[in-house]
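Enquirer: This is the structure alone, sequence omitted:
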């Protein structure tokens, strides 16, 4: 089944404790992206990757890191989480084909709480 | 990057047709218009995409006027299960690389 998986789905942590949220897709997509969603603010892009070893900042990259060592994986790293990073996080992937932005396939989300 | 403006919320009743309009005044020549649907605590799901005129699939229709400065998502005969947030997204890979901007979305509430 074609899908984007994220782990963990729920995470409660404390300020300053490094964490990684994994994202994996099985569709051989070139493009992957991370978003955060907060009430009243919609979806905001954190980082994206157009291909392996190519990453770039979205609208709200501060406090986050990403890596793209393999095509299928795009982990989101919070080196020193703070309470303002409490949010719902989504990973997405897309096939870069043609001119349009193409369909993005989203993961189920990771609800992160930083105390 | 083209910014989008949508109504924050809309109410409807089962069986009615719902039209959600998205404004994108600075849409670029090569930009496409894509709509996503999101249920609570789930990731957004692709509904429909278009470049100009009208596009229809089994779920919705998308109307785009000639100037392309706005677009309208039409949901025929909505049901309670259509209650969700709907996002309009405008862009094209080679205009903006991978940077994508979702607006705040329109929260549609369908009542019995």
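Expert: Thanks, I have the structure now. Keep in mind the model is a prediction, meaning the values are calculated, not measured.
Enquirer: Which residue is it, in chain A, that comes closest to chain B?
Expert: Of chain A, the residue with the smallest distance to chain B, taken as Cβ to the nearest Cβ, is residue A:106 at 2.8 Å. For every residue, glycine as well, the C-beta is placed using N, CA and C.
Enquirer: Can you report how many residues lie near that residue?
Expert: Each residue near residue A:106 was counted by other Cβ atoms under 10 Å in any protein chain shown, and the total is 23.
Enquirer: Ok, residue B:9 next?
Expert: Burial of residue B:9 is recorded as 11 neighbouring residues (other Cβ under 10 Å).
Enquirer: repeat for the one 10 residues further on
Expert: Counted with other Cβ under 10 Å, the neighbours of residue B:19 add up to 13.
Enquirer: hmm, back to that, pretty sure the residue of chain A closest to chain B is in contact with residue A:90, am I right?
Expert: Yes - with contact taken as Cβ atoms under 8 Å, residue A:106 and residue A:90 are classed as touching, separated by 5.2 Å.
Enquirer: if we can go back for a sec, ok, now which ones touch the residue of chain A closest to chain B?
Expert: A:4, A:90, A:91, A:92, B:43, B:44, B:45 (Cβ atoms under 8 Å, 6 or more residues apart in numbering or on different chains).
Enquirer: and the strand or helix carrying the fourth one, how far from the chain's centre?
Expert: The one in question is residue A:92. Under the criterion DSSP states H and E, the helix or strand holding residue A:92 is strand A:87-94. Relative to the chain's own centre, strand A:87-94 is displaced by 5 Å; criterion: Cα atoms, centre = their mean, to the nearest Å.
Enquirer: Distance of the residue lying closest to residue A:106 once chain neighbours are set aside relative to residue A:34?
Expert: Ranked by Cβ to Cβ, 6 or more residues apart in numbering or on different chains and with sequence neighbours excluded, the top spatial neighbour of residue A:106 is residue B:43, at 2.8 Å. Separation of residue B:43 from residue A:34 (Cβ to Cβ, to the nearest Å) stands at 12 Å.
Enquirer: Likewise for residue B:109?
Expert: Residue B:109 is 29 Å from residue A:34, by Cβ to Cβ.
Enquirer: of these two, who's got more company?
Expert: More neighbours surround residue A:34 than the other of residue B:109 and residue A:34, with 28 against 13 (other Cβ under 10 Å).
Enquirer: Can you pull the residues of chain A lying near chain B?
Expert: Among all residues of chain A, those adjacent to chain B (criterion: Cβ under 8 Å from any Cβ of the partner chain) are A:4, A:31, A:33, A:35, A:40-45, A:48-50, A:56, A:58-59, A:88, A:90, A:92, A:96, A:99-109, A:111.
Enquirer: In strands, which of those fall?
Expert: When DSSP state E defines the strands, the subset of these inside them is A:4, A:31, A:33, A:35, A:42-45, A:48-50, A:56, A:88, A:90, A:92, A:105-106, A:111.
Enquirer: buried ones in stretch B:72-88?
Expert: Using 16 or more other Cβ atoms under 10 Å in any protein chain shown as the burial criterion, the residues of stretch B:72-88 that qualify are B:72, B:73, B:74, B:75, B:78, B:82, B:83, B:84, B:85, B:86, B:87, B:88.
Enquirer: Understood, closing this out.
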